[in-house]
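Asks: With the sequence up front, the predicted model follows.
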Amino acid sequence: MAQAPAAAAARAAELRPLITRAAHAYYVLDAPVMEDAVYDRLLRELEQLEREHPELHRPDSPTLRVGGAPASRFESVAHRIGLLSLDNAFDLGELRAWHERLQRVLEKARTAGATESPETAPQGQTEQALVSELKIDGNALALSYEDGVLVRAATRGDGSRGEEITANVRTIRTVPLRLQLERPPAWVEVRGEAFIPSATFEAINRERVAAGEPAFANPRNACAGTLRQLDPAVVARRRLDFFAYTLHLPPDAAQAPASQWQALDWLRQAGFRVNPNARRCPDLSAVEAFVEEWSERRHGLPYATDGVVVKLDDLALQERAGFTQKAPRWAIALKYPAEEAPSRLIRLTSQVGRTGVVTPVAEFEAVALAGTSVSRATLHNADRLAELDLHTSDTIVVRKAGEIIPEVVRVLPELRPEGAVPLSLPSACPVCGSPLVREDGEAATRCVNSSCPAILRGSLRHWVSKAALDVDGLGSRLIEQLVDKRLVRSIADLYRLDAALLASLERMGEKSAANLMAALEASRQRPWSRLLHGLGIHHVGQVNARALASAFPGVAELAAAAQEAPETVTAVHGIGDEIVQSLQQWFATPANQALLRDLAGLGLPLAGSSGNERASGDPGEAVPASSPLAGKSVVLTGTLPDMSREQARDLIEAAGGRVTGSVSRRTSLVVAGDEAGGKLAKARELGVTVIDQAQLQALLSGALSEGAGEDAADAGAA
């Protein structure tokens, strides 16, 4: 490559530090040193120089802040130094118990004959200084610098390996691309938290709603999804922020900090933004005062925080305290309790999902929780409703589980008005009036009328989804119109629509209608396994549908086997009795029989061309034999931070796994999120492996094909 003219190279070398210093003053120090218009002009000048002379590009160029070329996938990388999780404390009593354990560990190290300097040796139970830092509710990052230049940024992952997202992190303006040190060490590892400030989060959601896109649930989920975007330009637009809090240097580094407090100062001098609300505390009582002070003050911060991280200040003593198998002994995260508020129940309603599950919903007088107004909370199922013993006009206590999901914690029966009536789920579907059914051994109560409008809307959304018939252009709003206007009363009616009728609907035109008609026509060519999945039969996901379609050449053969020879169905790998029962019930329902006749009459593929779905040529259908999830039985429990249960299920099934509803000795893995309950306890009791979402995504990154891997990378990110 030809060398750039000397004048261009000199000007670029002059512009880079000037722009970098100005950005640091503006974004980190909050003390601008030049007008915005001047900064923009200088940045554009550097961008033009680098466009005209690509050889001038450098990994620490401030032009990378606006995003680079999109990635095709994220690579899994090993952390130089592991990112261990912290143990949690949930009240001051547990914090004191941790501190007592720490003192005993330090005393044991001293009496074991370790040589310490008088300044650092713990004498008996003498307390050591601690550092209290606000726990930022974001996403942990590992940043690697070599000779002062950012060379790699990675997610936490499973603590030992994460996903490399360097291009995305370069767009975060509070992450220095080059350390502001005259003599940087050969390498340095920095840990910190990426987050979306509250005002930025609200602005992003306003833009998304205005564009007809769903709003993000909370800043942490939005941040996680953003960091895993394949296009850095999208990350740049969402304006993430970063606080640094941990430092790792080479053993022979000059002027290395001797304490956590000094490490925070080192990070500031290197150009990082460090949370200004940290405090060095001489003893545990000062830590407790810090915790109490911020229990209320935190709600006025411009970002989300859900606790306090407490660390032993002296780094030499940290090393002596050491680690357990999963966490450092010298640090702990004290979580603030979920904020609770009393309210009065207005009414109990029920909502019907795609599979007919009826969920009770409490509607109550609006209360402010964790910075938002809350007036509704799901009560999960009939068992939870009975456990609460909810009555009309009850006073209830509401909180946000994990400061995200509203839930009713308890009822205050002492405030119950006279004549209050016990509440329960209705016996008939609130939408169509059909009798509700609750099968033995299941917590869910269901409407089994496939013509129910609520089920129909959900069934249509599932039918046209990418994993099923993949009908592009038929979104939720259009489905609502078609059902509400009674233009579509079953899945089959989609194939009776015409372009003129579609063009007459709200937000549709001739071009959109023509595109949708073409997409519907193309969906007729999908293999019969996709149609089987699209029918939405309970427990029949992508993987089970492929297995059944490979074993039975068509829907007629599968229906006959389920009813007359169920043992031939359970002989299929991964298919158990609960799936057979679900198939029997579905095929025995008259409305479903009518639907199948209708679809057959419209030319939909109710059978494979050769009885072998693998030969269909459908892209993305095959599961690699080497997939670590192939043939595994997986249970999901709790709330995952970055994806819905349905997204997780689809990704697991696409990688060859099978998602089941209960934990047993045959369960291979349990994926546990926030507020995991009885299933997590059962898994631990049985010794079943438990992983979190990050570890699941690490498995998926190696389990899926490149195309599927891209879908996984975007899970939870809009």
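Replies: The structure has been received and is ready for your questions.

Asks: hey, let's count contacts and neighbours off CA atoms from now on
Replies: OK.

Asks: Which parts of the stretch 501-650 of the chain are helices?
Replies: Assigned by DSSP state H, counting those that start in this stretch, the helices in the stretch 501-650 of the chain fall at 510-523, 528-534, 542-551, 555-564, 566-570, 577-588, 590-601, 645-654.

Asks: Residues contacting the first one, please?
Replies: Yep, that's helix 510-523 we're talking about. The contact list for helix 510-523, computed with Cα atoms under 8 Å, 6 or more residues apart in numbering, reads 469-474, 494-495, 497-500, 502-503.

Asks: same thing with the shortest one?
Replies: Residues outside helix 566-570 that contact it (Cα under 8 Å, 6+ apart) are 548, 558, 561-562, 575-577, 580.

Asks: Separate out the buried members of the contacts of helix 510-523.
Replies: By neighbour count, with 16 or more other Cα atoms under 10 Å, the contacts of helix 510-523 hold 469-472, 474, 494-495, 497, 499, 502-503 as buried.

Asks: Which of those fall within helices?
Replies: Judged by DSSP state H, those include 499, 502-503 as members of helices.

Asks: for stretch 391-408, how far is the first residue from the last?
Replies: When the termini of stretch 391-408 are compared using Cα to Cα, to the nearest Å, they are 13 Å apart.

Asks: just to revisit the earlier point, can you select the buried ones from the contacts of helix 566-570 in PyMOL?
Replies: Buried residues within the contacts of helix 566-570, by 16+ other Cα under 10 Å, are selected in PyMOL with:
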select buried, resi 548+558+561+562+575+580
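
Asks: For the stretch 251-400 of the chain, just list every one of the helices.
Replies: Going by DSSP H, counting those that start in this stretch, the stretch 251-400 of the chain shows helices at 260-270, 284-297, 315-321, 382-388.

Asks: and those as JSON lines, adding mean neighbour count, distance to residue 221 and mean pLDDT?
Replies: Below are these laid out as JSON lines (neighbours: other Cα atoms under 10 Å; distance: least, Cα to Cα, whole Å; pLDDT from 0 to 100):
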{"stretch": "helix 260-270", "mean neighbour count": "18", "distance to residue 221": "27", "mean pLDDT": "96"}
{"stretch": "helix 284-297", "mean neighbour count": "15", "distance to residue 221": "23", "mean pLDDT": "94"}
{"stretch": "helix 315-321", "mean neighbour count": "18", "distance to residue 221": "32", "mean pLDDT": "92"}
{"stretch": "helix 382-388", "mean neighbour count": "15", "distance to residue 221": "27", "mean pLDDT": "90"}
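
Asks: Could you export those as JSON lines, including distance to residue 75?
Replies: Converted to JSON lines, these look like this (distance: least, Cα to Cα, whole Å):
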{"stretch": "helix 260-270", "distance to residue 75": "27"}
{"stretch": "helix 284-297", "distance to residue 75": "39"}
{"stretch": "helix 315-321", "distance to residue 75": "32"}
{"stretch": "helix 382-388", "distance to residue 75": "43"}
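
Asks: out of those, nearest to residue 489?
Replies: helix 382-388 (29.3 Å; Cα to Cα).

Asks: helices or strands up against that closest one?
Replies: Packing partners of helix 382-388 (3 or more Cα pairs under 8 Å, 6 or more residues apart in numbering; DSSP states H and E): none among the helices and strands.

Asks: And the contacts of it?
Replies: 360, 379, 410-411, 423-425, 443-445.

Asks: wait, which of the ones in helices among the buried ones among the contacts of helix 510-523 is closest to residue 417?
Replies: residue 502 (52.5 Å).
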